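K.L.:
what follows is a predicted protein model with its sequence.
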Amino acid sequence: MTRRVYIETYGCQMNVADSELMLGVLGREGYVVTDDPAAADLMLVNTCAVRDNAEQRVIGRMGELKRYKRPGVVLGVVGCMAQRLGRRLLDEAPHVDLVIGPDGYRALPELVSNARDGARAADTAFKSWEHYEDVPAVRTDRVGAFVTVQRGCDYRCTFCIVPMTRGRERSRRLGDVITEVGTLAEQGVTEVTLLGQTVNSYHDGEHDFADLLRSVGAVSGVRRVRFTSPYPTEFTDRVVAAMADVPAVCEHVHLPVQSGSSRVLKRMGRRYSREDYLAVVDRLRAAVPNLGLTTDIIVGFPGESEADFGATESLVREVGFDDAYTFKYSPREGTGALRLPEAVPDAVAGGRLERLIATVRDVARRRNAALVGTTHEVLVEKPARRGDLLQSRTRTNKVVLVPGPTSWIGSYLQVRLTGTTGSTFTGMLEVSGKELAVVG
């Protein structure tokens with residue numbers, strides 16, 4: 001009998017890749033995917049634990065999904081929140097049957113079968129050897145693909161729970177990564193995104209991240225290589241040279257800064273100062289012309305003064321980020337920041353977040369307005385939410401909406417940028433310099 005699995009995924013690209021792995025594990029047992037939880041025999045929620053509001057959303061969603069439970073239907077929580085809470089979730093949520101951390105997905109079929117017989121279980125053991133090399137991920141996106149090259153994290157940033165939910169850092173063997181990328185290319189995938197918690201610290205014992213970029217970029221059929229998320233101080237001369245030398249490596253880096261204040265960075269346990277970060281930016285831009293830069297920023301970290309926040313705003317303007325993911329500090333159980341004094345009142349942190357968002361948008365709007373009228377190569381990804389347009393993306397990670405048939409999905413086009421909302425662009429297709437289509 002065919003069984004159906006429904007998966008909801010929250011959080012980062014790593015979780016998206018892990019959901020594809022779970023579908024691979026379950027697919028070998030005859031499961032097929034459904035988009036309707038009411039039709040599912042197995043419902044899984046793949047979770048994020050980075051911020052409290054993400055966990056609260058999941059808890060609320062689990063309460064909603066329990067109405068779809070009927071005899072024989074299993075409801076499970078997987079991923080980072082599952083790893084963090086473990087059996088506590090089973091105790092606090094009687095409608096949950098399974099709790100499985102990121103290293104436990106291989107056991108899914110057995111644990112699901114046991115749960116159907118009434119044996120609720122939690123598997124949150126770390127497995128330093130687990131890379132799921134023999135599990136073929138089930139990917140629905142035939143344009144681009146996430147390829148996990150590294151799991152876990154050895155950094156100990158005081159705000160971050162990832163080392164407690166993902167375990168110690170370990171890298172896949174370069175040869176295994178290249179085999180996977182080669183298979184994807186044979187299937188028609190032309191853009192790959194290499195994933196790791198601190199992806200540019202990749203090292204398999206013999207090869208470093210520079211070797212990985214050069215090898216992936218040399219795979220026949222691969223036209224674009226992206227990676228996320230790097231750590232600022234791991235951009236060695238070898239890595240920067242590889243980025244500059246390999247044509248397939250895209251001119252975009254998501255470079256988390258977290259704060260523009262050296263004092264706050266030290267309290268965060270980040271291994272660089274403001275000046276160090278700016279030096280990395282200078283090196284990257286010198287090596288890779290027209291580089292797009294995005295970042296992550298936290299406001300309201302314990303002890304952050306108004307002057308510290310001002311330093312963050314000034315860094316945003318000095319760097320000229322193309323965009324930024326901005327957050328209020330979220331206390332996480334077990335992290336070092338909980339022991340720090342001088343908590344910032346929530347209202348103050350909220351006000352700073354609003355001001356920071358306005359600054360980021362102002363900087364991005366100015367940078368994007370200057371690009372209107374220029375021509376770029378875009379990869380058409382999928383239908384846009386708006387009208388009959390298609391969503392495409394430049395090498396520098398700019399989203400461009402263009403009109404055209406869905407048969408263009410997966411194609412590379414030359415597009416002239418005709419306008420911007422401040423974040424996304426509209427564009428018109430060009431062939432031999434002639435405009436063929438206009439976005440209204």
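P.N.:
Sure, I can see it.
K.L.:
L174 contacts D204, doesn't it?
P.N.:
Yes - with contact defined as CB atoms under 8 Å, L174 reaches D204; the gap is 5.4 Å. C-beta here means a position set from N, CA and C on the backbone, and glycine is covered the same way.
K.L.:
following element in sequence after the longest helix seen in the chain, please.
P.N.:
The longest helix of the chain (DSSP state H) is helix 346-369. On the C-terminal side of helix 346-369, the closest following helix or strand by DSSP states H and E is strand 375-383.
K.L.:
buried sites along that following strand?
P.N.:
Buried positions in strand 375-383, judged by neighbour count with 16 or more other CB atoms under 10 Å: 376, 378-381.
K.L.:
please apply the same query to stretch 395-405.
P.N.:
The neighbour-count check on stretch 395-405 (16+ other CB under 10 Å) flags 395-404 as buried.
K.L.:
and it, how far out from the chain's middle?
P.N.:
Put simply, stretch 395-405 sits 20 Å off its chain's centre (CA atoms, centre = their mean, to the nearest Å).
K.L.:
stretch 240-250 now?
P.N.:
21 Å.
K.L.:
what about E333, how many residues close to it?
P.N.:
For E333, the count of nearby residues is 11 (other CB atoms under 10 Å).
K.L.:
tell me the SS of it?
P.N.:
Classification of E333 by DSSP: H, G, I helix; E, B strand; the rest coil places it in coil.
K.L.:
next one: it from G410, what distance?
P.N.:
Distance, E333 to G410, using CB to CB, to the nearest Å: 44 Å.
K.L.:
any idea what sits nearest V264, other than its immediate chain neighbours?
P.N.:
Sequence neighbours aside, D308 is the residue nearest to V264 in space, at 5.0 Å (criterion: CB to CB, 6 or more residues apart in numbering).
K.L.:
so which helix or strand takes in the one you found?
P.N.:
Assigned by DSSP H and E, D308 falls within helix 306-319.
K.L.:
and that helix, which residues are buried?
P.N.:
Across helix 306-319, burial judged by 16+ other CB under 10 Å covers 308-309, 311-313, 315-316, 319.
K.L.:
just put these in TSV and tack on distance to V5 and pLDDT.
P.N.:
Shown next, in TSV, are these (distance: CB to CB, whole Å; pLDDT from 0 to 100):
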residue	distance to V5	pLDDT
D308	46	98
F309	45	98
A311	47	98
T312	43	98
E313	45	98
L315	44	98
V316	42	98
V319	43	98
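K.L.:
what packs against the helix holding D308?
P.N.:
helix 262-268, helix 274-287, strand 292-299, helix 346-369 (3 or more CB pairs under 8 Å, 6 or more residues apart in numbering; DSSP states H and E).
K.L.:
how about the third one, which residues are buried there?
P.N.:
So that's strand 292-299. Neighbour-count burial for strand 292-299, counted by 16+ other CB under 10 Å, picks out 292-295, 297-299.
K.L.:
again, but for stretch 342-349
P.N.:
By neighbour count on 16+ other CB under 10 Å, the buried set for stretch 342-349 is 343-344, 348-349.
K.L.:
neighbouring contacts of that stretch?
P.N.:
The contact list for stretch 342-349 (CB atoms under 8 Å, 6 or more residues apart in numbering) reads 299-304, 328-329.
K.L.:
pLDDT below threshold where in the protein?
P.N.:
431-440 (pLDDT under 70).
K.L.:
possible to save the helices and strands packed on helix 306-319 as a markdown table with distance to M81?
P.N.:
A markdown table is the format used below for these (distance: least, CB to CB, whole Å):
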| stretch | distance to M81 |
| --- | --- |
| helix 262-268 | 22 |
| helix 274-287 | 30 |
| strand 292-299 | 19 |
| helix 346-369 | 22 |
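K.L.:
quick one, which of these is nearest to V25?
P.N.:
Taking CB to CB, strand 292-299 is the member of the helices and strands packed on helix 306-319 nearest to V25, at 30.6 Å.
K.L.:
backbone dihedrals for the residue lying closest to L90 once chain neighbours are set aside, please?
P.N.:
Spatially, and ignoring its direct neighbours in sequence, L90 is nearest to R120 (5.4 Å; CB to CB, 6+ apart). Backbone torsions for R120, taken as degrees, to the nearest 10, come to phi -70, psi 140.
K.L.:
and R120, what does it touch?
P.N.:
Under the criterion of CB under 8 Å, 6+ apart, the neighbours of R120 are 90, 96-98.
K.L.:
wait, which of the residues you listed is closest to A125?
P.N.:
The closest of the contacts of R120, once distances to A125 are taken by CB to CB, is L98, at 14.3 Å.
K.L.:
tell me if I'm right that that closest one and A121 touch.
P.N.:
Yes - between L98 and A121 there is a contact under CB under 8 Å: 6.1 Å.
K.L.:
between these two, which contacts overlap?
P.N.:
111, 115.
K.L.:
out of those two, which sits in the more crowded spot?
P.N.:
L98 (27 against 18).
K.L.:
phi and psi next, for the spatially closest residue to the more buried one that is not a sequence neighbour.
P.N.:
Counting by CB to CB, 6+ apart, L98 lies nearest to G76, which is 3.4 Å off, once chain neighbours are set aside. Phi and psi for G76, reported as degrees, to the nearest 10, are phi -130, psi 150.
K.L.:
just the one 5 residues further on next, same as before
P.N.:
Summarising the backbone geometry of M81 under the convention degrees, to the nearest 10, its torsions are phi -70, psi -40.
K.L.:
my read: it touches T47, true?
P.N.:
Yes - assessed by CB under 8 Å, M81 is found in contact with T47 at 3.5 Å.
K.L.:
overlap of the contact sets of these two?
P.N.:
54-55, 58.
K.L.:
wait, which of those is closest to V219?
P.N.:
A54 (34.5 Å).
K.L.:
does that closest one really touch Y10, like I thought?
P.N.:
Yes - assessed by CB under 8 Å, A54 is found in contact with Y10 at 6.1 Å.
K.L.:
more neighbours: the two, which one.
P.N.:
Higher neighbour count among A54 and Y10: Y10, with 21 against 16, using other CB under 10 Å.
K.L.:
and the closest residue to V181 other than its chain neighbours, helix, strand or coil?
P.N.:
Closest residue to V181 apart from its sequence neighbours, by CB to CB, 6+ apart: V219 at 5.0 Å. Following three-state DSSP, V219 is assigned to coil.
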